[in-house]
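Asker: when you get a sec, could you give me coordinates for this:
(one chain, ligands or ions: 1)
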Amino acid sequence: MTKALNVGLIGYGFMGRAHSNAYAKVNHFFDLAYRPVRKAACGRDQKNTQAFADQWGYESIETDWRNLLARKDIDVVDICTPNNLHREIAIAAAEAGKMILCEKPLARNGAEGQDMVQAVEKAGVPNMVWYNYRRIPAVTLAKQLIDEGRLGKIFHYRSVFLQDWTIAEDLHQGGQALWRLDVNAAGSGVTGDLLAHCFDTARWLNGDLDSVTAMTETFVKERMHNLTGKVEKVEIDDACAVLSRFANGSLGTFESTRYARGHKALYTLEINGEKASIAWDLHDLHRLSYFDHADDSIVRGWRSIHVTDSDMPYMDKWWVPGLQIGYEHSFVHQVADFLEGLAKDEPAAPTFKDALKTQYVCDAVLDSAKAQNWQKVRQ
Ligand SMILES: NC(=O)c1ccc[n+]([C@@H]2O[C@H](COP(=O)([O-])OP(=O)(O)OC[C@H]3O[C@@H](n4cnc5c(N)ncnc54)[C@H](O)[C@@H]3O)[C@@H](O)[C@H]2O)c1
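Answerer: Numbers count the residues shown, from 1 in each chain. Next up, the predicted model:
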């Protein structure tokens, strides 16, 4: 008999849908002690929130997140709102004794993130941040190969996250859908939105970053603001390039932009070790490229591993070898790991505390770009 865990979801946009899909599916595929129940969806507009609740199977709705937190029948609060609300909601949810699942980035900056870590630690509530790329089977397999020592000493970590959706000069900033261009809502541009993913995966695969130097650019300097109706300065970074040193001595390069015409979500990573190299590409997410120097020279070369066999991470839960899964499954895996962690009293990563370290990397990157120097990453 599974134990019900009542979820209150705040924000029903892109991530609200991705998480709701995961709650609906997880117990069909994973044997778990807990079962997430879609108890309440929260949004500001009653009609739209009700329509979302009907479509995604939520039992009730709220139009003010404070009312959701006051409900005794909510066990877990899932924060899927823009970044400027993460801190306030998370602290209130911790004070109300709720478990918290918060979307990434943890906050707009490290200072906000610290307050959130303090709040969950004081309240002693289980918490996790949705850095979902760790749970794409090919990426989890990369972690397994590195931990087994197959790459040997690591020399290089290289990662990019490229998009092209903000090139138009007449695109507005602020409000629904465009909050990512408004520094007050987002905290930063590509650094917090996209590089935060690259840094989280990098820290997970290759350990902490020690220092960074970065440059950023804002290509369109002013945009009409949807909330004020005025043309306002754009204060987010449209593009960011980073050189870094990891604590293990390896070198890292990271680049992100929303001005790479032709790229929608090109998240790639490549790791070069003494014995082997690994590469992965979100556009082909079920494959892991692997080069092993120990192979016979006449057959040595990059191989493309189709990550679908049942002995590969998470794949025994899905279909049969040869049949791939996709983006949404990373969220199913993350919910499954959270629920398994609860049952074993071993929190699933990344917790708020772990995600704060990624926030510190973002802070150091933005400070470096501003000061035009190298910055140590706060540990
Ligand atoms: N893990 C990932 O890969 C990933 C991908 C996309 C977004 N995100 C993160 O998820 C969060 C949400 O992003 P999104 O793409 O879903 O945005 P979105 O704009 O699609 O959805 C945001 C939702 O929050 C709601 N909202 C805003 N203010 C609110 C309030 N006061 N009360 C209740 N609801 C409110 C909006 O109405 C909307 O439904 C962000 O922190 C973002 O960085 C993570």
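
Asker: from now on I want contacts and neighbour counts done on CA atoms only, so please keep to that.
Answerer: Noted.

Asker: which elements pack onto the one helix or strand residue 4 maps to?
Answerer: Here residue 4 sits within strand 3-10, counting by DSSP states H and E. Counting contacts by 3 or more CA pairs under 8 Å, 6 or more residues apart in numbering; DSSP states H and E, strand 3-10 packs against strand 34-42, strand 76-79.

Asker: beyond that strand, next helix or strand please.
Answerer: According to DSSP H and E, the helix or strand after strand 3-10 is helix 14-29.

Asker: may I have that following helix exported as PDB, CA atoms only?
Answerer: Once non-C-alpha atoms are left out, helix 14-29 reads as follows in PDB (Å, rounded to 0.1, in the frame of the first residue of the first chain):
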ATOM      1  CA  PHE A  14       6.200  25.100 -18.700                       C
ATOM      2  CA  MET A  15       7.600  23.500 -15.500                       C
ATOM      3  CA  GLY A  16       4.100  23.200 -13.900                       C
ATOM      4  CA  ARG A  17       3.200  21.000 -16.800                       C
ATOM      5  CA  ALA A  18       6.500  19.000 -16.700                       C
ATOM      6  CA  HIS A  19       6.200  18.300 -13.000                       C
ATOM      7  CA  SER A  20       2.500  17.400 -13.200                       C
ATOM      8  CA  ASN A  21       3.200  14.900 -15.900                       C
ATOM      9  CA  ALA A  22       5.900  13.400 -13.600                       C
ATOM     10  CA  TYR A  23       3.500  13.100 -10.700                       C
ATOM     11  CA  ALA A  24       0.900  11.500 -12.900                       C
ATOM     12  CA  LYS A  25       3.300   8.900 -14.200                       C
ATOM     13  CA  VAL A  26       5.800   8.000 -11.600                       C
ATOM     14  CA  ASN A  27       4.000   5.300  -9.700                       C
ATOM     15  CA  HIS A  28       3.100   3.500 -13.000                       C
ATOM     16  CA  PHE A  29       6.800   2.900 -13.600                       C
END
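
Asker: name the residues of it that are buried.
Answerer: 15-27 (16 or more other CA atoms under 10 Å).

Asker: do the same with stretch 305-322
Answerer: 306, 307, 308, 309, 312, 313, 314, 315, 318.

Asker: one step back: and which of the buried residues of helix 14-29 is nearest the ligand?
Answerer: The closest of those to the ligand turns out to be residue 15 (CA to the nearest ligand atom; 3.8 Å).

Asker: need the contact list for the closest one.
Answerer: 80, 103 (CA atoms under 8 Å, 6 or more residues apart in numbering).

Asker: gap between it and residue 26?
Answerer: Distance, residue 15 to residue 26, by CA to CA, to the nearest Å: 16 Å.

Asker: and the residue nearest to residue 306 when sequence neighbours are not counted, what does it touch?
Answerer: Spatial nearest neighbour of residue 306, excluding adjacent residues (CA to CA, 6 or more residues apart in numbering): residue 287 at 4.8 Å. By CA under 8 Å, 6+ apart, the residues touching residue 287 are 138, 280, 281, 304, 305, 306, 307.
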